[in-house]
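Enquirer: Structure here, sequence nowhere to be found:
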């Protein structure tokens, strides 16, 4: 498995977004655990989650608990960097809300620590800016969690270039990751990707296939990806991830999955080499 770096930690070039195992349409626990174990068997050492990946209001942290169970029952569980997030909430009615207050983020981090069963969270990210709370205050909570040893690394999600620079300054140059939406259909995070490349900060595209409801339509919706996939004898999803990996050495895609087969297919993207002409064609698609 090819590797990349998040801060001072070496991780697999392709991670796993575990959200589909805990929200609408989620599989049963047995299949979720099989999917997580398949990822570990394939060499994945980065798993992305959040306390808000759940359904009912009474099961906050469902995804974190699931991941902790999978890691504890696999011989390679100790090799995985778990990246979780706080600041985005699901009241249980299908909606999403935000709480970026330092008090909430600290409570959320403590709860995530307990669910994951660790002394320090490998990577903790501020999930989404809260318009009611100054961004500096939210990121300041991450700085305090770092200084207290509750988290080993800090990142931000859904951030714009100004917020990335501000976060890195507040953290004293210790910002290690930015997790933004990026896919063939959603490319407005290109400026953030370029800034991360400039600063040497890992860029983690979420929903790289366009989201759960659109992932299966990637090839039909984007002809260039389908054509190049056919030429290489691989899936359009592999081409999508290989295209992202070719953009910068700081890119670490985190495709979601809820089946072992999907994980195995995504991981193979790290071995797919696209030509300069193919990359240019995909950029223009």
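Expert: Here it is on my side, so go on. Not measured: the values here are computed from a predicted model. Numbering: from 1, shown residues only.

Enquirer: nearest spatial neighbour of residue 145, skipping sequence neighbours?
Expert: Once its chain neighbours are removed from consideration, residue 145 has its nearest residue in residue 151; the separation is 4.7 Å (Cβ to Cβ, 6 or more residues apart in numbering). Using the backbone N, CA and C atoms, a C-beta is placed for each residue, glycine as well.

Enquirer: residue ranges of the helices in the stretch 51-200 of the chain, please?
Expert: Remark: helices assigned in the stretch 51-200 of the chain by DSSP state H, counting those that start in this stretch are 62-72, 102-116, 135-147, 161-170, 190-199.

Enquirer: Return the set of buried residues in the longest one.
Expert: Neighbour-count burial for helix 102-116, with 16 or more other Cβ atoms under 10 Å as criterion, is recorded at 102, 104, 105, 106, 108, 109, 112, 113, 115, 116.

Enquirer: Check which helices and strands that helix sits against.
Expert: Other helices and strands packing on helix 102-116, by 3 or more Cβ pairs under 8 Å, 6 or more residues apart in numbering; DSSP states H and E, are helix 62-72, strand 81-86, strand 123-126, helix 135-147.

Enquirer: could you redo the last one with a cut-off of 7 Å?
Expert: Where contact means 3 or more Cβ pairs under 7 Å, 6 or more residues apart in numbering; DSSP states H and E, helix 102-116 is packed against helix 62-72, strand 81-86, helix 135-147.

Enquirer: Tell me the pLDDT of residue 212.
Expert: The predicted local distance difference test score for residue 212 is 72.

Enquirer: Check the gap between it and residue 194 for me.
Expert: The span separating residue 212 from residue 194 equals 27 Å under the rule Cβ to Cβ, to the nearest Å.

Enquirer: Ok, residue 241 next?
Expert: When distances are taken as Cβ to Cβ, residue 241 and residue 194 turn out to be 19 Å apart.

Enquirer: who's more crowded, those two?
Expert: It is residue 241, of residue 241 and residue 194, that has more neighbours when counted by other Cβ atoms under 10 Å, with 26 against 15.

Enquirer: Next up, the contacts around the more buried one.
Expert: Contacts of residue 241 were listed using Cβ atoms under 7 Å, 6 or more residues apart in numbering, and they are 14, 208, 253, 255, 266, 269.

Enquirer: circling back: return the most buried member of the helices and strands packed on helix 102-116.
Expert: Taking mean count of other Cβ atoms under 10 Å as the contact definition, the stretch among these with the greatest mean neighbour count is strand 81-86, which reaches a mean of 26.

Enquirer: tell me the angle of that one relative to helix 102-116?
Expert: Taking axes from the mean of the first three to the mean of the last three Cα atoms, to 10 degrees, strand 81-86 and helix 102-116 form an angle of 140 degrees between their directions.
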